[in-house]
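Asks: Just a sequence and a predicted model for now, questions to come.
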Amino acid sequence: MFNSKTRTNLVAVLLGLIAISLSSAASADSGFYLGGSVGNSSVSADVPDPGLGNDINFDDNDFAWKAFGGFVFDLPVIQLGVEAGYFDLGGPSINVLTEKAEIAISGWEAFGVAGIDLGPVGVFLKYGMVSWDADLNLGDLKGTEDGSDPAYGAGLRFMLGSLEIRGEYEVLDISDADDVSMLSAGVVWRF
């Protein structure tokens, strides 16, 4: 019915139409976003105490927040994106003898994000790096630590048009700490 050249042209046209429809579907919901979250940080670490000669078993929670932005490529089945932001894990503190020990951690983060939408609800995973600064205070003794380490997280989102409500759990895999994490809820605006 069709010769070889006609079939090749027909397949090329069909593949072109599929590619155009996929790219227009992807660009329809692809774009930039800005957001912010508030929540609870958890910090657990063995901190050296120069005054006592022993490690202090530090374990506390505090109010935390972050501001972030990114770009999402909304493909037919999955979403892929990049996200970067600033976080502040507050100043968790414990009492050591008669002194207050406090660790205040803040820094910058960058992630690759992959997600799946199931109607208005979606789930996502993220993996990346954090550049952090920690201010350590024990009475009159003060110190600062910093570094860059891997970070990862998972979350759930609910979309209402351009508005997204997000809940997520992130872990900063800081090598000198047992646990540095944040559980948060936030709002994202896509434009």
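Replies: Yep, it's here.

Asks: okay, S23: pLDDT?
Replies: S23 carries a pLDDT value of 44.

Asks: Kindly report the same for I94.
Replies: Looking at I94, its pLDDT reads 72.

Asks: How about D140?
Replies: The confidence metric pLDDT takes the value 75 at D140.

Asks: And P150, how far from G128?
Replies: Note on P150: its distance to G128, by Cβ to Cβ, to the nearest Å, is 7 Å. C-beta here means a position set from N, CA and C on the backbone, and glycine is covered the same way.

Asks: Mind checking which of these two has more residues around it?
Replies: Under the neighbour definition other Cβ atoms under 10 Å, P150 and G128 were set side by side, and G128 has more, 17 against 13.

Asks: what sits against that one?
Replies: Listed by Cβ atoms under 8 Å, 6 or more residues apart in numbering, the contact set of G128 reads E83, E109, A110, F111, G112, P150, A151, Y152.

Asks: quick one, strands of this structure?
Replies: Listed from the start of the chain, the chain has strands (DSSP state E) covering 31-48, 55-74, 78-88, 93-96, 99-118, 121-138, 141-160, 163-172, 179-190.

Asks: can you pull the contacts of the closest residue in space to A67 that isn't next to it in sequence?
Replies: Closest residue to A67 apart from its sequence neighbours, by Cβ to Cβ, 6 or more residues apart in numbering: G36 at 4.8 Å. Residues near G36 by Cβ under 8 Å, 6+ apart: W65, K66, A67, F68, G186, V187.

Asks: What's opposite G36 in the beta bridge?
Replies: G36 has these beta-bridge partners by DSSP bridges: A67, V187.

Asks: quick one: low-confidence parts of this structure?
Replies: Segments of the chain classed as low confidence (criterion: pLDDT under 70) are 1-28, 47-57, 95-98.

Asks: try it again with 80
Replies: Within the chain, the set of residues satisfying pLDDT under 80 comprises 1-29, 44-60, 91-102, 137-141, 175-178.

Asks: Enumerate the positions of stretch 161-170 that are buried.
Replies: Counting neighbours by 16 or more other Cβ atoms under 10 Å, one finds that the buried residues in stretch 161-170 are E164, R166, E168, E170.

Asks: Quick check: phi and psi on I174?
Replies: Dihedral angles phi and psi of I174 (degrees, to the nearest 10) take the values phi -70, psi 130.

Asks: Run a quick neighbour tally on it.
Replies: Should you count by other Cβ under 10 Å, I174 turns out to have 21 residues around it.

Asks: residue contacts, G147?
Replies: Applying Cβ under 8 Å, 6+ apart, we find G147 in contact with S131, W132, I174, S175, D176.

Asks: meant to ask about S131, not that
Replies: Shown in contact with S131 (Cβ under 8 Å, 6+ apart): G107, W108, E109, D146, G147, S148.

Asks: coming back round to it: mind giving me TSV with the contacts of G147 and columns for distance to F58?
Replies: Conversion of the contacts of G147 to TSV gives the following (distance: Cβ to Cβ, whole Å):
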residue	distance to F58
S131	21
W132	16
I174	13
S175	15
D176	11
